[in-house]
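Peer 1: Got a sequence here, can you build the structure:
(one chain, ligands or ions: 1)
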Amino acid sequence: MIEKRYDTLISQLYEKIPINDRNNNKNFFFQQIACLTANKNETSGAFLNSTSQSFYNKFSDKEFSTLLCLRYNLDLDFIPTNLNCTCKRKNKITGQIQPKVIDKKGFHICNACNSDGCPTMIHDAIQNVAALAFKSGGCHVVNQPVMEDLDGKRLVPDHMITGNGTHDGRSIMIDYRHTDSGQTDPFDSTSHLIKDIDGKNAQYKAVSNRNGHLFVAFVVDRFGTVIQSVQDLMFQMFKRNARNNCNEISDAEANITASRKLRFWLRRIACAMAKTKAMCIINRTDKLIRIQHEKKHGKGSKNSSSYFDNKMIEEEEMEKQVNDGTFDECAYVKDDDDLCA
Ligand SMILES: [Zn+2]
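Peer 2: Numbers count the residues shown, from 1 in each chain. You can find the predicted model right below:
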């Protein structure tokens, strides 16, 4: 019933988006729709829930108001118009390096910027809470195990889950991905998986065939809602765990325990993501405003241009770290120069 009301609301709002935008500005359009579709998920407002705040992190006033804006797809007014990012992007047509302007909804900072590692921080926040969830389901979690595919090529998943992850004892290779880049169809969360069919997914499949491990992409939408297939997997894990812990437990009781645990961890993941996103947007914006200011006015006795050059070296270092990392969304969107509106 509620589902249906939301769907009507989404289709009404969808109609309001100018056709021009739908066709000519696909990324922007996807971002708008991603917000609408993510909004109907159960955990989309998890950060508003006082219990979930207390068991993860409390939000500052600015973080909280930032998250409310994100939730309702409003512009963040502390982000100045025409604020340039320090990351470098090649224009696809001219091949020239062009500055990237920060959008007022934080998309660039959270999903595409390769300068300050924000997409990686968000990725890691999800990954760290998920690891706790798997442990609480009776699994053992290995961070970044080194695997080989059929051709002996190196592949490093974010996690290897052993123990209670599957009913038949198979180990699970997990790759965490968050998806509001505007690159994939927000109506279909699995499009994130289809997109990468020849790349990383294919590599995982090869390792899977070779070693018998299950591959799971832990996909999370822009409000931290976990893709349904992974929710199902976690539910079964919690249910097995409940049974392992108590022989007497009935099926109904095991179901209740598993749902309760699942809800708890889904909320925690959503809150961890919200907190990290808000911090990233606020800190990155402050930093860029400072850089812009110093570039324009100088910094006291310091030579402003050399100060700025040092900043750029710092940024390059961080960019290298992001590139060395395994973060996947970041890697495949960074060549796209029209990612954000
Ligand atoms: Zn950037």
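
Peer 1: OK, contacts around residue 269?
Peer 2: 43, 126, 129, 130, 133, 220, 224, 226 (Cβ atoms under 8 Å, 6 or more residues apart in numbering). Glycine gets a C-beta too; all of them are placed from N, C-alpha and C.

Peer 1: who in the stretch 1-150 of the chain is up against the ion?
Peer 2: 85, 87, 100, 113, 115 (Cβ under 5 Å from the ion).

Peer 1: Including secondary structure, neighbour count and distance to residue 239, could those go into JSON lines?
Peer 2: Converted to JSON lines, those look like this (DSSP: H, G, I helix; E, B strand; the rest coil; neighbours: other Cβ atoms under 10 Å; distance: Cβ to Cβ, whole Å):
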{"residue": "85", "secondary structure": "strand", "neighbour count": "23", "distance to residue 239": "46"}
{"residue": "87", "secondary structure": "strand", "neighbour count": "20", "distance to residue 239": "44"}
{"residue": "100", "secondary structure": "strand", "neighbour count": "20", "distance to residue 239": "46"}
{"residue": "113", "secondary structure": "coil", "neighbour count": "30", "distance to residue 239": "40"}
{"residue": "115", "secondary structure": "coil", "neighbour count": "22", "distance to residue 239": "43"}
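
Peer 1: Okay, helices next: where are they in this protein?
Peer 2: Per DSSP state H, the chain carries helices over the ranges 2-16, 19-24, 26-39, 50-55, 61-71, 107, 118-136, 191-195, 200-211, 228-245, 251-297, 304-324, 328-333.

Peer 1: okay, those helices in a markdown table with mean pLDDT next?
Peer 2: Listed next are the helices of the chain as a markdown table, based on pLDDT from 0 to 100:
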| stretch | mean pLDDT |
| --- | --- |
| helix 2-16 | 68 |
| helix 19-24 | 70 |
| helix 26-39 | 71 |
| helix 50-55 | 60 |
| helix 61-71 | 90 |
| helix 107 | 89 |
| helix 118-136 | 95 |
| helix 191-195 | 69 |
| helix 200-211 | 84 |
| helix 228-245 | 95 |
| helix 251-297 | 92 |
| helix 304-324 | 53 |
| helix 328-333 | 35 |
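
Peer 1: and among these, the most buried is which?
Peer 2: helix 107 (a mean of 24; mean count of other Cβ atoms under 10 Å).

Peer 1: Check the offset of it from the chain's centre.
Peer 2: Between the centre of helix 107 and the centre of its chain there are 11 Å (Cα atoms, centre = their mean, to the nearest Å).

Peer 1: cool, and stretch 140-159?
Peer 2: 21 Å.

Peer 1: Could you do stretch 157-174 as well?
Peer 2: 21 Å.

Peer 1: And stretch 281-299, by the same measure?
Peer 2: 25 Å.

Peer 1: do stretch 80-99 as well
Peer 2: Per Cα atoms, centre = their mean, the centroid offset for stretch 80-99 relative to its chain is 23 Å.

Peer 1: what do you get for stretch 14-23?
Peer 2: When distances are taken as Cα atoms, centre = their mean, stretch 14-23 is centred 25 Å away from the chain's centroid.

Peer 1: Ok, stretch 101-120 next?
Peer 2: The answer for stretch 101-120 is 11 Å, by Cα atoms, centre = their mean.

Peer 1: Need the CA coordinates for it. PDB is fine.
Peer 2: Extracted C-alpha coordinates of stretch 101-120, given in PDB (Å, rounded to 0.1, in the frame of the first residue of the first chain):
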ATOM      1  CA  VAL A 101      32.900  23.100 -10.600                       C
ATOM      2  CA  ILE A 102      31.400  21.700  -7.400                       C
ATOM      3  CA  ASP A 103      27.700  21.100  -7.600                       C
ATOM      4  CA  LYS A 104      25.400  22.200  -4.800                       C
ATOM      5  CA  LYS A 105      24.100  18.800  -3.900                       C
ATOM      6  CA  GLY A 106      27.500  17.300  -3.000                       C
ATOM      7  CA  PHE A 107      27.400  14.700  -5.900                       C
ATOM      8  CA  HIS A 108      30.800  15.500  -7.100                       C
ATOM      9  CA  ILE A 109      32.400  15.400  -3.700                       C
ATOM     10  CA  CYS A 110      30.800  12.100  -2.600                       C
ATOM     11  CA  ASN A 111      30.900  10.200  -5.800                       C
ATOM     12  CA  ALA A 112      33.300  11.400  -8.400                       C
ATOM     13  CA  CYS A 113      36.100  13.500  -6.900                       C
ATOM     14  CA  ASN A 114      39.500  11.900  -7.000                       C
ATOM     15  CA  SER A 115      41.300  14.600  -5.000                       C
ATOM     16  CA  ASP A 116      40.400  14.100  -1.400                       C
ATOM     17  CA  GLY A 117      39.300  10.500  -1.200                       C
ATOM     18  CA  CYS A 118      35.700  11.300  -0.100                       C
ATOM     19  CA  PRO A 119      34.200   8.500  -2.200                       C
ATOM     20  CA  THR A 120      36.700   6.100  -0.600                       C
END
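
Peer 1: So which bits of it are buried?
Peer 2: If you call a residue buried by 16 or more other Cβ atoms under 10 Å, then stretch 101-120 has these buried ones: 102-120.

Peer 1: Check stretch 136-154 too.
Peer 2: Buried-residue list, stretch 136-154, by 16+ other Cβ under 10 Å: 137, 138, 139, 141, 147, 149.

Peer 1: how distant is it from the center of its chain?
Peer 2: 21 Å.
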